[in-house]
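Trainee: Show me the folded form of this:
(2 chains)
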Amino acid sequence: MTTELEDGPILTADDKPLSVALRKALFRQKMRALMLIAPLLLFVLITFVWPIIGMLFRSVDNSVVPETLPKTVAAMESWSPTGPTDTPPEAVYAAFAADMQVAADERTHTVVGGRLNYETPGIASKFRQLGREVKGWDLENDGPFKEKLIAEDEAWGELFIWETIKTYSGGYTTGYYASSVDRRLTSEGVVARDADEAIYLRLFWRTILMSLIITCMCALLGYPIAWMLSNTLDRYANLLLILVLLPFWTSLLVRTSAWKVLLQEQGVINSTLESIGIIDSPLPLMYNQFGTIVAMTHILLPFMILPMYSVMKTIPPSYLRAAKSLGANDITAFRRVYFPQSVPGIGAGAILTFILSIGYYITPEIVGGSTGIFISNRIAYNISSTLNWGLAAALGGMLLIMVMVLYWIYDRVVGIDNVKLG
Amino acid sequence: MVTETSMTDSSAYVAFDGVQKSYDGKTLVVKDLNLKIEKGEFVTMLGPSGSGKTTCLMMLAGFETATHGQILLDGVSINNIPPHKRGIGMVFQNYALFPHMTVGENLSFPLEVRGMDKSTRQDKVQRALDMVRMGEFGSRRPAQLSGGQQQRIAVARALVFDAELVLMDEPLGALDKQLREEMQYEIKRIHENLGVTVVYVTHDQSEALTMSDRIAVFDDGRIQQLAGPSELYEKPETSFVAQFIGENNKFTGRVEELVGDVAHVSVGDTTIKALAVNCGGKGDLSQLSIRPERVTIGELGDNVVDAKVCELIYLGDHIRCRLDVLGNDEFVVKVPNASNQKVPEVGGETSISWSTQDCRALDHAEVAA
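Mentor: Next up, the predicted model:
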């Protein structure tokens, strides 16, 4: 029995509010549903979400500097250079020597040197040298350390090391992000890097542009196939679908390597063209943008075809017939009636293909050469070769932001409600 | 079976002349179709599914090509004219309203592709919407309309470009019964007001009987009978038509002799006199067909036979009696619920009778009832 008070919540028979009772009743149901997805949720959290958060944290993390050089950072707070020869006062040098002695004992001086070296190349070796010397110093009596350090290496008497330490003295830094867009943090603010160091913006731009080209190619090539798939008899459609899906069952590496066989200088295409006399010297078909576009278009084509197919499958052929019976010729009927209804499929395919291709790594790595590589190849380079994980994380973060911005633009232009996967 | 032979008559608005259609090159879906439709007529193609009626409509619309024969529209062969140049309006089974356009845009579409200017288009669209009493709905999307409303819009779209011939392919199939009846009258009204020629395809006989001037009953790729509703019901020419249209009692027997237009047909030990319509000659098998409402309880007519009452169903205005007559226990008689009417009892014996004119001796064919 429910009892209704004059102006209060509806109560259950034992005078508890109905809403509370309902929530309680539903709670167990919800928990049971949650239990079912718990393994997947945990798996995703541990293997996907946590690493991403970790990497994003790493892209701003600078704790190594204030932790290794705490006294120096404190002493530097009151110092800021007023001219190109205005080196820090003796107190800073003394604090630095003290920090370095501790760091050398703990062998962390090379770590901080390496960190600062990303920003100002050459610093790492100075830290390594100083680390060896500083162990024997008596911090009480060996001063003044300014002269002592300069005597070790003249570089310590120059401004750039100290400026770098000062700029990167905080626990968090935007320096990696500045680097990821070819900028550099200095004591005067953010400045552009030299032209020979500026590679990332160009690479981002190239990645977007080539991804767009690949997406367009996939759409152009995939549309007729998707149309054919959705308009043939079922048994033929199934066969065609298997052919479309066939690449999925082959290793990505194998497919890319197959393209290498086809496209390389003495590859199938070049030697065929040469043997029938169309060209005299081999065409540069790979280790450039062309190779990347061709191979990636082939690899990503199914991702474009499948969403388009699933949308086209839902468009009844009677619409085209209706359009024709109303007096539209084939082209008008397609353009005005069929195509607009297939747009959600193109949208879904395009967004899928574009997002996949913008972060693609293996194919550009194998067939891209130096002009056909993507930003992800550079991220991998920073992770495995220069070990600058902070920069790699910042580049990844930039990529993530970019995809989100593009997604937002896409939503504004096309409308995400217009995207259907089936 | 009716085959009209004088196809040279040019007065027909639509004419099928010896049309055949095969999809696989082995079987004919449409076998030797001859049909003439006058201007302003409402002709229904009625038949079970697979009888070839929709194929005929699609050939007329231009979506299927005839394997053999000619289709003439206003005296001109349209075999080689693509559908968009035929100027035939069409209402599809599931309406096929374009979901990405508003109702107004849907109606405006055929006018746009004909290059009409905007104000003309607006006028015509509004007039067409008013015609189907949907004047306020121009800015809605088809998905926001009910089935019946979509139906009206589909009709309006087929008519908005002043098509003189409108084809309808089971247009009311997706509607519920009440709405279907309402739309039948609506379509009939529009047909009468505009004087357009309508070719209508359905498998629903009551729909066909309600709306049509003439009905072509299709079976097995042929027109079994082409006639007006009352003639079709009362004077079926083949056993298929008798069986397909309305309720029908049937006997199978052998023709004993033909006396004028009366056939003496032996069913078991009994000889029944029937109107010889399509029964072949002496010694041939024939199917006798009698409508339930033409049979009376008692010994009044030319043919009197004994019957055993199997079942009575009270239906208010009449009582439906299922009888066992001459070995056929599906024999149905409709007994009017009148004060002086004697109603038999279940399990009892009675006599029933009918007039010779009401019993038609037709061809013998195994028809799946």
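
Trainee: Now the strand or helix carrying A:Thr272: average pLDDT?
Mentor: If you go by DSSP states H and E, A:Thr272 is part of helix A:268-275. In this model, helix A:268-275 has an average pLDDT of 91.

Trainee: now do stretch A:181-192
Mentor: What stretch A:181-192 shows for mean pLDDT is 83.

Trainee: Please put the alpha-carbon coordinates of that stretch into CSV.
Mentor: Backbone C-alpha positions of stretch A:181-192 (Å, rounded to 0.1, in the frame of the first residue of the first chain) are rendered in CSV as follows:
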residue,chain,number,x,y,z
VAL,A,181,54.9,22.9,-32.0
ASP,A,182,58.5,24.0,-32.8
ARG,A,183,58.7,26.5,-30.0
ARG,A,184,61.1,26.9,-27.1
LEU,A,185,60.7,28.2,-23.6
THR,A,186,63.3,30.8,-22.6
SER,A,187,63.5,33.3,-19.8
GLU,A,188,62.0,35.9,-22.2
GLY,A,189,59.0,33.6,-23.0
VAL,A,190,58.2,31.4,-25.9
VAL,A,191,60.3,31.7,-29.0
ALA,A,192,60.3,29.9,-32.3
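
Trainee: which of the residues in that stretch are buried?
Mentor: Buried residues in stretch A:181-192, defined by neighbour count with 16 or more other Cβ atoms under 10 Å in any protein chain shown: A:Val181, A:Asp182, A:Arg183, A:Arg184, A:Leu185, A:Thr186. C-betas here are computed from N, CA, C, even on glycine.

Trainee: Got the confidence number for A:Ile346?
Mentor: 91.

Trainee: Wait, it touches A:Tyr309, no?
Mentor: No - contact criterion Cβ atoms under 8 Å: A:Ile346 and A:Tyr309 do not qualify, at 11.3 Å.

Trainee: how deep is whatever residue of the stretch 151-300 of chain A ends up closest to chain B tucked in, by neighbour count?
Mentor: Of all residues in the stretch 151-300 of chain A, A:Leu233 sits closest to chain B, with a separation of 11.9 Å (Cβ to the nearest Cβ). Residues contacting A:Leu233 under the criterion other Cβ atoms under 10 Å in any protein chain shown number 7.

Trainee: ok now do B:Thr54, which residues does it touch?
Mentor: Each residue near B:Thr54 by Cβ atoms under 8 Å, 6 or more residues apart in numbering or on different chains is listed here: B:Asp169, B:Glu170, B:Val201.

Trainee: actually A:Leu56, sorry about that
Mentor: Counting by Cβ under 8 Å, 6+ apart, A:Leu56 has contacts A:Ala393, A:Gly397, A:Leu400.

Trainee: neighbour-wise, which of those residues leads?
Mentor: Busiest of the contacts of A:Leu56 [other Cβ under 10 Å] is A:Ala393, holding 25 neighbours.

Trainee: State the helix or strand in which that residue lies.
Mentor: Here A:Ala393 is assigned to helix A:389-413, by DSSP H and E.

Trainee: Report all helices and strands that that helix contacts.
Mentor: helix A:50-58, helix A:175-180, helix A:200-231, helix A:339-358, helix A:375-384 (3 or more Cβ pairs under 8 Å, 6 or more residues apart in numbering or on different chains; DSSP states H and E).

Trainee: Buried deepest among those, which one?
Mentor: Most buried of these, by mean neighbour count (mean count of other Cβ atoms under 10 Å in any protein chain shown): helix A:175-180, with a mean of 24.

Trainee: Give me the contacts around that one.
Mentor: By Cβ under 8 Å, 6+ apart, the residues outside helix A:175-180 that reach it are A:59-60, A:62, A:118-119, A:167-168, A:184-185, A:190, A:193, A:200, A:390-391, A:393-395, A:397-398.

Trainee: shaky segments in the stretch 1-150 of chain A?
Mentor: A:1-8 (pLDDT under 70).

Trainee: residue in it nearest to chain B?
Mentor: For the stretch 1-150 of chain A, Cβ to the nearest Cβ, closest residue to chain B: A:Ala33, 31.7 Å.

Trainee: doesn't that residue fall inside a strand?
Mentor: No - counting by DSSP: H, G, I helix; E, B strand; the rest coil, one finds A:Ala33 to be helix, located in no strand.

Trainee: To what extent is it buried, counted in neighbours?
Mentor: Using other Cβ under 10 Å, A:Ala33 has 10 neighbouring residues.

Trainee: which ones are touching it?
Mentor: A:Ala33 neighbours (Cβ under 8 Å, 6+ apart): none.

Trainee: Tell me the bridge partners for B:Leu73.
Mentor: B:Val14, B:Val76 (DSSP bridges).

Trainee: B:Ser289 too?
Mentor: B:Lys250, B:Arg360.

Trainee: who touches it in this structure?
Mentor: B:Ser289 touches B:Pro236, B:Ser239, B:Ala242, B:Gln243, B:Asn248, B:Asn249, B:Lys250, B:Cys359, B:Arg360, B:Leu362, counting by Cβ under 8 Å, 6+ apart.

Trainee: Considering those, which possesses the most neighbours?
Mentor: For the contacts of B:Ser289, neighbours tallied by other Cβ under 10 Å; top is B:Ala242, 30 neighbours.

Trainee: tell me the SS of that residue?
Mentor: helix.

Trainee: Check the spacing between it and chain A real quick.
Mentor: 34 Å (Cβ to the nearest Cβ, to the nearest Å).

Trainee: shouldn't that residue be in contact with B:Ala361?
Mentor: No - B:Ala242 lies out of contact with B:Ala361 (Cβ under 8 Å); the separation is 10.6 Å.

Trainee: overlap in contacts of the two?
Mentor: Joint contacts of B:Ala242 and B:Ala361 (Cβ under 8 Å, 6+ apart) are B:Gln287.

Trainee: show me where the stretch 101-250 of chain A has helices.
Mentor: Secondary structure of the stretch 101-250 of chain A (DSSP state H, counting those that start in this stretch): helices located at A:109-119, A:123-134, A:145-152, A:159-167, A:175-180, A:200-231, A:234-245.

Trainee: With distance to B:Gly348 as extra columns, can I get those helices in a markdown table?
Mentor: Below are those laid out as a markdown table (distance: least, Cβ to Cβ, whole Å):
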| stretch | distance to B:Gly348 |
| --- | --- |
| helix A:109-119 | 109 |
| helix A:123-134 | 116 |
| helix A:145-152 | 129 |
| helix A:159-167 | 114 |
| helix A:175-180 | 100 |
| helix A:200-231 | 64 |
| helix A:234-245 | 58 |
